[in-house]
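Visitor: can't give you the sequence, but here's the structure:
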């Protein structure tokens, strides 16, 4: 009886009702922070958060068959698109995503989305390359070429999405955080070394950490060594001045670690602040005795001052953190890795075509 009553209250919506419901039920965070989205399924950019959706028949949604990456926006320029796109297309090859969305068009779509957002600071870009849309099969082999490449009549099988949203940044945690090790199992090496859309274990890592008073959690391998956190890599500074992070053999190759460690070698080792910079296994017990510890990801660094309830160093962000934080911030203006954003070209009224 109750089921019959409930069925009677479920309406079939027309397009106008869907548009109204989408705006009325939009989460507060999305209303305030989602600024612009590119969708190859639509062939353009939208700035109304209610329209920032992905079709349910996309294999990104129902099979998780997609890869993604990110980019920072600083002072009206995009930082790191070159090496982030390198990783995106490497991940796509690992995931056997057979697409025809050229790298140059992906870059243009991302820059257009940033421009359409109108934001020059305090935002973050994320983008996904999917196996495509059009059915609910496991394999994408039967999908039709339904995407449109900007500025071209050519079509392709995969789908590409990009979004620009406001970001709180890393400064909110500059005073240091408490972190914990977790028991969530590790990904297989294939999934661990590509930036796929499969983040269930990452989510469980963060949730277990939150249950215990941590933030992102840190996974540990069968040998009792640190692996990575939910969405970042971890590093320590030993008491004899060695900056150390786990190797990338079972983790994603973090662009922040790669650039940060290069900068540390160039500036901190050469000036005597550090003795060495290495990637090698870090037993949990060694981390407990570290002078400093931090997480690295998204182009930023967060100091970790307690691990599993133990104070690290003097319990405050240390000198290497402060120097690394400045190096990474200054790196956002490195002309070798920045792209201009065409804001002027997108300061127009949205098209109705």
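Guide: Thanks, I have it. Model, not experiment: these values are computed from the prediction.
Visitor: which residues in this protein form helices?
Guide: Ranges of helices in the chain, per DSSP state H, are 2-8, 15-24, 28-33, 59-62, 81-94, 103-117, 189-192, 200-211, 255-263, 284-288, 319-331.
Visitor: now render those helices as JSON lines, adding mean pLDDT and mean neighbour count.
Guide: From N, CA and C alone the C-beta is placed, and that goes for glycine too. As requested, those are exported to JSON lines (pLDDT from 0 to 100; neighbours: other Cβ atoms under 10 Å):
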{"stretch": "helix 2-8", "mean pLDDT": "72", "mean neighbour count": "8"}
{"stretch": "helix 15-24", "mean pLDDT": "94", "mean neighbour count": "11"}
{"stretch": "helix 28-33", "mean pLDDT": "96", "mean neighbour count": "12"}
{"stretch": "helix 59-62", "mean pLDDT": "96", "mean neighbour count": "19"}
{"stretch": "helix 81-94", "mean pLDDT": "96", "mean neighbour count": "19"}
{"stretch": "helix 103-117", "mean pLDDT": "95", "mean neighbour count": "21"}
{"stretch": "helix 189-192", "mean pLDDT": "95", "mean neighbour count": "14"}
{"stretch": "helix 200-211", "mean pLDDT": "98", "mean neighbour count": "17"}
{"stretch": "helix 255-263", "mean pLDDT": "96", "mean neighbour count": "20"}
{"stretch": "helix 284-288", "mean pLDDT": "98", "mean neighbour count": "16"}
{"stretch": "helix 319-331", "mean pLDDT": "97", "mean neighbour count": "18"}
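Visitor: how far does stretch 205-225 stretch from start to finish?
Guide: Criterion Cα to Cα, to the nearest Å; first-to-last residue distance in stretch 205-225 is 16 Å.
Visitor: typed the wrong thing, it's stretch 240-249
Guide: End-to-end distance of stretch 240-249 (Cα to Cα): 25 Å.
Visitor: how about stretch 157-172?
Guide: One end of stretch 157-172 to the other measures 41 Å (Cα to Cα).
Visitor: report the distance from it to the chain centre.
Guide: 7 Å (Cα atoms, centre = their mean, to the nearest Å).
Visitor: and that stretch, which residues are buried?
Guide: For stretch 157-172, the neighbour count (16 or more other Cβ atoms under 10 Å) marks 157-165, 167, 170 as buried.
Visitor: what do you get for stretch 238-258?
Guide: 238, 242-246, 248, 250-258.
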